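Undergrad: Got a predicted model here, sequence first, then my questions.
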Amino acid sequence: TRTGMNFTELEIGQIDDVAAVAPMMLISGLPTSGQSRGTKNSFVLATTPEYANAINLVFVQGSFFSPAQKTGAVIPEEVAVQLYGTSQAVGRELTVRGKSLQVTGVIKKPEGGLNVGPGSNITYIPYEVGKDINGGTANIFRIVTKVAPRADVKATVEEMKRTLKESHGGETYFTVLTQE
């Protein structure tokens with residue numbers, strides 16, 4: 001089931017050829033630990049566990065947080081080393097804007113990537129924690145989707161556009177990007 005999502009993400013998830021859908025919310029602040037004052041060149045992104053199905057993250061330890069892990073966090077190796085002096089960080093505690101979280105996974109920093117996605121030095125936290133940090137507001141800046149294998153990408157993109165336009169009252173103040 002798709003938990004923690006608003007109406008728009010749920011509608012996109014109903015499209016036949018959409019295999020995964022996850023909202024992305026930027027969170028101001030940096031991850032810290034009791035051993036460190038913070039990190040350099042990183043940022044925090046709140047999302048749902050389905051993000052791991054939409055983006056190909058490479059784990060060096062642990063895994064993405066599950067829906068049951070309401071206070072999980074996934075960090076890149078570089079952040080783990082900055083916070084703990086080692087990349088072996090699963091089970092350790094970190095804090096984001098006063099919220100205590102437990103590291104469930106450590107990822108390798110991929111080569112390249114898109115603006116705010118793989119290739120960036122991102123700490124991932126649960127969507128609901130992000131909303132809580134933002135005073136109950138979901139400030140979504142992007143929704144990541146993955147199209148099912150062998151699906152007609154162009155037709156699926158058109159269906160997403162139609163769905164988004166409908167759910168935004170006929171307004172088209174959004175863009176659907178593809179890797180093509």
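TA: Received it, and whenever you're ready, just let me know what you need.

Undergrad: Can you give me the distance of the most centrally placed residue in the chain to residue 124?
TA: Taking Cα atoms, centre = their mean, the centroid of the chain lies closest to residue 47, which sits 3.6 Å from it. Residue 47 is 6 Å from residue 124, where distance means Cβ to Cβ, to the nearest Å. All C-beta atoms are positioned from the backbone trio N, CA, C, and that covers glycine.

Undergrad: same thing with residue 72?
TA: For residue 72, the distance to residue 124 equals 9 Å [Cβ to Cβ].

Undergrad: Pull up the overlap in contacts between those two.
TA: Shared contacts of residue 72 and residue 124, defined by Cβ atoms under 8 Å, 6 or more residues apart in numbering, are found at 64-65.

Undergrad: quick one, which of these two is more surrounded?
TA: residue 124 (28 against 22; other Cβ atoms under 10 Å).

Undergrad: Pretty sure the more buried one sits in a strand.
TA: Yes. Assessed with DSSP: H, G, I helix; E, B strand; the rest coil, residue 124 lies in a strand.

Undergrad: Which residues are in contact with it?
TA: The contact partners of residue 124, taken as Cβ under 8 Å, 6+ apart, are 44-47, 51, 64-65, 73-75.

Undergrad: Can I get the buried part of those residues as one ChimeraX selection?
TA: Remark: buried members of the contacts of residue 124, expressed as a ChimeraX selection using 16 or more other Cβ atoms under 10 Å:
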select :44,45,46,47,51,64,65,73,74,75
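
Undergrad: biggest separation within the contacts of residue 124, which pair?
TA: Spatial extent of the contacts of residue 124 (Cβ to Cβ) is set by the pair 44 and 64 at 15.1 Å.

Undergrad: Quickly find the element holding residue 79.
TA: Using DSSP states H and E, residue 79 sits in helix 77-84.

Undergrad: in that helix, what counts as buried?
TA: Neighbour-count burial for helix 77-84 flags 77-84 (criterion: 16+ other Cβ under 10 Å).

Undergrad: can I assume the residue nearest to the centre of the chain is in contact with residue 22?
TA: Yes. Counting by Cβ atoms under 8 Å, residue 22 is a contact partner of residue 47 at 5.0 Å.
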